[in-house]
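Q: Structure for this input, please:
(3 chains)
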Amino acid sequence: MKANKIPVGPFHPLLEEAEYFELTVDGETVVDIDMEIGWMHRGHEYISEMKTFTQSIYLVERICGICSTSHPLACVHAIEDIDNIEIPLRARYIRSLVGELERIHSHLLWLGLAGHFIGYDTLWMWAWKYREPVLEMFEIISGNRNHYGMMRVGGVAKDVDPEKIVELQKHLDMIERKMIMISKIAKDDPVLRSRLKGVGVLSHEDAIAYCTTGPTSRASGVPGDVRFDEPTDAYDLVDFERIVLPNGDVYDKLVVRVLEIIESVKICRQCLDKLKTATGPILNNVKEISPGEGIGRYEAPRGEVFHYIRSDGTNRPIRHKVRAPSYVNIPSFKASCKGIPIADALITLASVDPCYCCTERSLKIIDNNHDPQKLDLLKLSREKTERIRREINAD
Amino acid sequence: MAEVERFLKDMGGKIHAKIEKKGRLYFNVDNADIREIAEYLFVKMGCRLSTATAMEMYHGIEVLYHFSHDKTGQYFCPRVVIKDKKNPKVNSITSIVEGAIWIEREMFDLWGIEFIGHPRMEELLTLHHPNPDLKHPLRFKEVA
Amino acid sequence: MGWYNKRLSKSLWVFHASGSPCNNCDIEILDLLTPRYDVKRLGIKLVGSVRHADVLLVTGIFNQKIAPRIKRIYEQAPKPIFVVAVGTCVSSGCCFKDSYNITEKREEVIPIDMYIPGCPPKPESMIEAVAKLIGVLNG
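A: Down below sits the predicted model:
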């Protein structure tokens, strides 16, 4: 039988960003997948070579709107790695606090979108409703909902006052209660469980071969987590657990993220407690960067963000390499999408929390008459959930 | 660290110009040896390929691989220097590391480095780009 | 057109096309639909195809690869369609203005009716923009 090709994208209702997939299908089964990117390429690495070190922190913040602390954090780690610059204790706690709050809001965002893709809009609304208090906390800390501008080489830009800490703790108490509720919903819901269990499995071997990072690899039993492997900032001063699950399907990826939210709340609470007593400056004055090369990394919500900076002793980097986590996670679709039904392809494509703006820092529209059946992935995915829901209710 | 010492003992003959820092090891290797080094790091030591960086310097084009040893947080960075700027060629490591496919395609796209033995050597980001003048945008521009 | 516009303002259907943004504006647009801001109470709905839309939201710097697609999306839309540019990227290029891949004149790709500045604009300012658009449609 001749295999059919289904073009998806670049503009489609699945994700906000434009990207192009070409699914090769045999009947209902996906045989192969090809991806074309480049629709979001903005040339950060080129622009960064024209900016000074301080300016480039603001530039990398705008690589991606969701990871807008992870990229600056990895960037300042890279610059600090060149000269082994020490960071004041108070700044370390503030950095980790902002980083973990970002993880909470990013995982909630993914949870909501995953619910939306399988036709479970209730989960979308719940998750995004409780994402708002997290953004409010950012507003208290930095003054912005997104793009916080908190990071500096040698410390942070803004301090967290004692009055703000009280306010933040109130918010955190509320968020923790709601997160426990949402984690129970996500873990115990029968529809969600039977819809996602065993779907889009990324095996342990493939996760290693494709060099995947973050929740994508931790759901496949690969324990890599930069927060433990190379503890920077306050991660060696607080207690939290490494979440690793063995199965590699979409359900495990969901559970990893949900459990990580709870761990992040724990870290935030400890950071706020320590900030009450840890006094001192928040910024070490760094006068100049000596020639050399530095590697900085940070565990972003999606995986390891990697920055490499090479300096020649002037105030501009001569090479600034950025590697976002989705860049290594997206090629793993080739392994995880093979042999699954088309209705499951959508949630599998969404399961690594792909962020194309990060990936491309860097689809063509195919006419509808090219594809006689006009397959709508979103519709197919929702119909399957509805079918499962009816079956469960019938029992 | 034990891993670094063992690595230097086993592969010492192929390593030139090494720079050791806290948790980082940068060293130069010849183009002919890169596959062997990558196999040792990825298969035997269980490192993960973080990414690879290409850069153009005055003395040639450099490709710097970043292998992360996740258990200790140690980075191994082999560097291949290509003197021939007009027609740079490097041996591909995709037969050893599956995840290097996109990484090498991006370097071909933005820098014009050809990887020998790559299964699909074409542009990644500027594939089907409407502007044909935009070729290898990160290379130095020749001033007329 | 006045009669038609007045009917249109009761319920605006919106299509959202992202032309190489940093994703933040897109997330804030989706945020509008969720319980805190909930623009669905004003009759605004996000649709999956531009052929159903009355308003086209665009974000980002329109890199050279995506600019022809944005143009094509605009051509596919039933007229009249109102183009609202969200974020600083569309109006000034933000920090990407030195890039090799940027479209220099974004207003020549598609005609833009309204700009919402901000990096990213707050949801409140987007609601204000929608309210102003409805006011204009009502005459």
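
Q: Give me every residue in chain C lying close to chain B.
A: Contact residues, chain C versus chain B (Cβ under 8 Å from any Cβ of the partner chain): C:Q64, C:K65, C:A67, C:P68, C:Y100, C:N101. All C-beta atoms are positioned from the backbone trio N, CA, C, and that covers glycine.

Q: Tell me the buried residues in stretch A:384-394?
A: Residues of stretch A:384-394 classed as buried by neighbour count (16 or more other Cβ atoms under 10 Å in any protein chain shown): A:K384, A:T385, A:I388, A:R389.

Q: who touches it?
A: A:I118, A:G119, A:Y120, A:P190, A:V191, A:S194, A:R195, A:P341, A:A343, A:D344 (Cβ atoms under 8 Å, 6 or more residues apart in numbering or on different chains).

Q: tell me the average confidence for that stretch?
A: Confidence over stretch A:384-394 (mean pLDDT, whole number) is 78.

Q: Stretch A:22-37 close to chain B?
A: Yes. On the criterion Cβ under 8 Å from any Cβ, stretch A:22-37 is in touch with chain B at A:E36, A:I37.

Q: Identify the residues contacting C:I44.
A: With the criterion set at Cβ under 8 Å, 6+ apart, C:I44 makes contact with C:S11, C:L12, C:W13, C:V14, C:L32, C:V130.

Q: Separate out the buried members of those.
A: C:L12, C:W13, C:V14, C:L32, C:V130.

Q: can you tell me which of those lies nearest to chain A?
A: C:L32 (10.4 Å; Cβ to the nearest Cβ).

Q: my read: the closest one touches C:R41, true?
A: No. Contact criterion Cβ atoms under 8 Å: C:L32 and C:R41 do not qualify, at 10.9 Å.

Q: tell me the contacts of the residue of chain C found nearest chain A?
A: Closest approach of chain C to chain A (Cβ to the nearest Cβ) occurs at C:N24, with a separation of 2.4 Å. C:N24 makes contact with A:C64, A:G65, A:I66, A:S68, A:N146, A:H147, C:G87, C:C119, C:P120, according to Cβ under 8 Å, 6+ apart.

Q: can you give me the strands for chain B?
A: In chain B, the strands defined using DSSP state E lie at B:16-21, B:24-28, B:48-57, B:60-69, B:74-82, B:89-91, B:114-116.

Q: Which among these is found nearest to chain C?
A: strand B:48-57 (15.2 Å).

Q: Tell me if the closest one is near chain C.
A: No. Counting by Cβ under 8 Å from any Cβ, chain C is not contacted by strand B:48-57; separation bottoms out at 15.2 Å.

Q: quick one: that strand to chain centroid distance?
A: Here the centre of strand B:48-57 is set off from its chain's centre by 5 Å, with Cα atoms, centre = their mean, to the nearest Å.

Q: from the contacts of C:I44, which is closest to A:L283?
A: Taking Cβ to Cβ as the measure, C:L32 is the one of the contacts of C:I44 closest to A:L283, at 36.3 Å.

Q: Point out the ones among the contacts of stretch A:384-394 that are inside helices.
A: By the criterion of DSSP state H, membership of the contacts of stretch A:384-394 in helices covers A:P190, A:V191, A:S194, A:R195, A:A343, A:D344.
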